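Novice: return a 3D structure for these sequence lines:
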Amino acid sequence: MAKSPAKKANKGFEETLWDTANQLRGSVESSEYKHVVLSLVFLKFISDKFEAKRKQLIASGQEAFVDMDVFYQQDNVFFLPEEARWTYICARAKQGDIAVIIDTALSTIEKCNASLSGALPDNYFSRLGLNATKLASLIDSIENIDTLANECDLTEEDLVGRVYEYFLGKFAASEGKGGGEFYTPKAVVTLLAEMLEPYQGKIYDPCCGSGGMFVQSLKFVQSHQGKSQDIAIYGQELTATTYKLAKMNLAVRGLSGNLGERPADTFFADQHPDLKADFIMANPPFNLKDWRNEAELTNDPRFAGFRTPPTGNANYGWILHMLSKLSEDGIAGFVLANGSMSSNSSGEGEIRQKLIEDDRIECMIALPGQLFYTTQIPVCLWFISKSKAASLKYGYRDRRGETLFIDARNLGTMISRTQKELTPTDIATIADTFHAWRSDADELNRRLKAKEISVEQYQDQAGFCKAATLAEIKANDYVLTPGRYVGAAELEDDGIAFETKMQELTQTLYRQLDEAEKLDKAICANMEALGYGK
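Specialist: Residues are numbered from 1 along each chain as shown. You can find the predicted model right below:
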């Protein structure tokens, strides 16, 4: 029985393309090779969009306009001169100078499309000295995306987006620690989006990596029948190569975003100094050291009203930066290392105490370990708002003086020997709990009727969630670790009396001790037989 297109789409095609591309890598490091593969995927995609628009113009009798860029750009299609088109590259794939041809194509595309300025690799293929035969084979593999799109019953735009996202994740996994600099695991980004619900408004990521937060925000909007035009994207990225990945990632999905004029340090060259965002989603570098010296940023307006964050760790620098970027109704959700919830080093506890007393903390979530490629340590999610009172007009109940704590450390499923993933059910369990706690009665009923959530009423749940008051947090020395508040889950009564259970356990212990003694004697006898006695 033949597999349905849907099943093919869910299994195999990304892995097949990855395996094919990865076999061609040769001596090129993964950190370099990802730019080769992703640039070619991007080039294939925008070329196909261009060719489709070109055929449409010809078919509608507008052949005279096929070489005028304005007729493409008005439909969010990049204009490509002949030497920058995928067909031109494929026809010359077997030539020895194919690397130069690709570099020329990428350079030409940037020159003809202002929105891609600084987005594409500059003479990258020539500088790497890639084997021409392997590069030709890679081009053939990517050309195969057309066939895959037909087999999987997907539009090419959907397929290329999935390939791009899949490759980003695979490169992050293969690069290990370095990979996390441009990639946040999809499940974590999805959870942030489901919690924040960025339907419309300005979305900001101050350390945007390859743009995964923006892509997931778009997916959230589309899955709820929203419009991508209702969100405006703002971001910033320090690393030049990752900045390019983000620009390409947005372009592949037809998104326009303001990522600043250039890659730059968020603390010292803020690309959006006047921005007030409705939503902030971020995964800042964990525990960043030496991010400033003692004399720098001491009077920075972003830290006004708070102690200047310490030089030895940027965690609270990121928190205060994001707080300063929120609109009056804004809310931020971001990932930090667990130490941020309890550290008192160099004034961090003092900053956290003021954040709590100013009632900025909406929710704290402890995540399971092994979710990230960068680190095996568990991390947490912070959710802070500019004003809890401001959100009352949107169907939220009065949460002033209250913070929700969720301990999700026991959730997640191992997908490899070292990697764990939050399942859709895990994500829904966490997000639904948050929305049930946050919503007033009318909004909760609306969500239940619309089947947006499955939690009928928020209740504290031992071992999982607890809505704590400011007084309770103060009694815990302003520590925000969820485990301090949710307590331990109640053990299920199995109906066996304690005395009976203790008798059984004691007998098992004595039996195991007897077996251990016999094994010890057997080991000693074997050692003596080998001449290694006492």
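Novice: for the residue nearest to the spatial centre of the chain, which non-adjacent residue is spatially closest?
Specialist: Nearest residue to the geometric centre of the chain (Cα atoms, centre = their mean): residue 184, 3.2 Å. In this structure, residue 184 finds its nearest non-sequential neighbour in residue 283, 4.3 Å apart by Cβ to Cβ, 6 or more residues apart in numbering. Yep, even glycine has a C-beta here, placed from its N, CA and C like the rest.
Novice: hey, which strand is longest across this protein?
Specialist: If you go by DSSP state E, the chain has its longest strand at strand 326-337.
Novice: low-confidence stretches in the stretch 51-200 of the chain?
Specialist: Scanning the stretch 51-200 of the chain with the threshold set as pLDDT under 70 gives 146-161, 174-183.
Novice: residue 36 reaches residue 128, doesn't it?
Specialist: Yes - using Cβ atoms under 8 Å, residue 36 is in contact with residue 128, at 7.0 Å.
Novice: residues touching residue 354, list them.
Specialist: Residue 354 sits next to 305-307 when contact means Cβ atoms under 8 Å, 6 or more residues apart in numbering.
Novice: read off the pLDDT value for it.
Specialist: Residue 354 carries a pLDDT value of 97.
Novice: go on, residue 497?
Specialist: On the pLDDT scale, residue 497 gets 67.
Novice: low-confidence regions, this structure specifically.
Specialist: Applying pLDDT under 70 to the chain flags residues 1-13, 24, 27, 146-161, 174-183, 373-375, 377, 489-497, 534.
Novice: where do the strands of it begin and end?
Specialist: Using DSSP E, the strands found in the chain span residues 201-205, 231-235, 257-258, 277-282, 326-337, 361-366, 379-385, 402-407, 413-414, 420-421, 465-469.
Novice: which of these sits most buried?
Specialist: strand 277-282 (a mean of 26; mean count of other Cβ atoms under 10 Å).
Novice: quick one: that strand to strand 326-337, angle?
Specialist: 10 degrees (axes from the mean of the first three to the mean of the last three Cα atoms, to 10 degrees).
Novice: quick revisit: quick one: contacts of the longest strand of the chain?
Specialist: For strand 326-337, contacts defined as Cβ under 8 Å, 6+ apart pick out 184, 188, 192, 195-196, 201-202, 276-284, 286-287, 315, 318-319, 322-323, 325, 362, 377, 379-387, 390-391, 394.
Novice: got the end-to-end distance for stretch 430-444?
Specialist: With Cα to Cα, to the nearest Å as the measure, stretch 430-444 spans 16 Å from end to end.
Novice: residues contacting the residue nearest to the centre of the chain?
Specialist: 209, 212-213, 283, 335, 372.
Novice: now the helices: where do they sit in the stretch 351-500 of the chain?
Specialist: 424-438, 441-449, 470-475, 483-486, 498-529 (DSSP state H, counting those that start in this stretch).
Novice: could you export those as CSV, including mean neighbour count and distance to residue 66?
Specialist: Listed next are the helices of the stretch 351-500 of the chain as CSV, based on neighbours: other Cβ atoms under 10 Å; distance: least, Cβ to Cβ, whole Å:
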stretch, mean neighbour count, distance to residue 66
helix 424-438, 19, 45
helix 441-449, 14, 49
helix 470-475, 15, 65
helix 483-486, 19, 63
helix 498-529, 10, 82
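Novice: quick one, which of those helices gets closest to residue 32.
Specialist: Closest of those to residue 32 is helix 424-438, at 33.5 Å (criterion: Cβ to Cβ).
Novice: from the contact counts, what lies against the closest one?
Specialist: For helix 424-438, the elements it packs on are helix 186-196, strand 361-366, strand 402-407, helix 441-449, strand 465-469, judged by 3 or more Cβ pairs under 8 Å, 6 or more residues apart in numbering; DSSP states H and E.
Novice: returning to that earlier point: go through the strands of the chain and name the closest to residue 267.
Specialist: With Cβ to Cβ as the measure, strand 277-282 is the member of the strands of the chain nearest residue 267 (13.5 Å).
Novice: grab the nearest non-local neighbour of residue 32.
Specialist: Leaving out its chain neighbours, the residue that sits closest to residue 32 by Cβ to Cβ, 6+ apart is residue 128, at 6.2 Å.
Novice: any idea how far the one you found is from residue 121?
Specialist: 10 Å (Cβ to Cβ, to the nearest Å).
Novice: looking at the two, which is more packed in?
Specialist: With neighbours defined as other Cβ atoms under 10 Å, residue 128 and residue 121 compare such that residue 121 has more, 22 against 18.
Novice: what's the more buried one sitting at in phi/psi?
Specialist: phi -60, psi 140 (degrees, to the nearest 10).
Novice: i'd like the first residue to be 19 from this point on
Specialist: Happy to do that; since the first residue is 19 now, the last one works out to residue 139.
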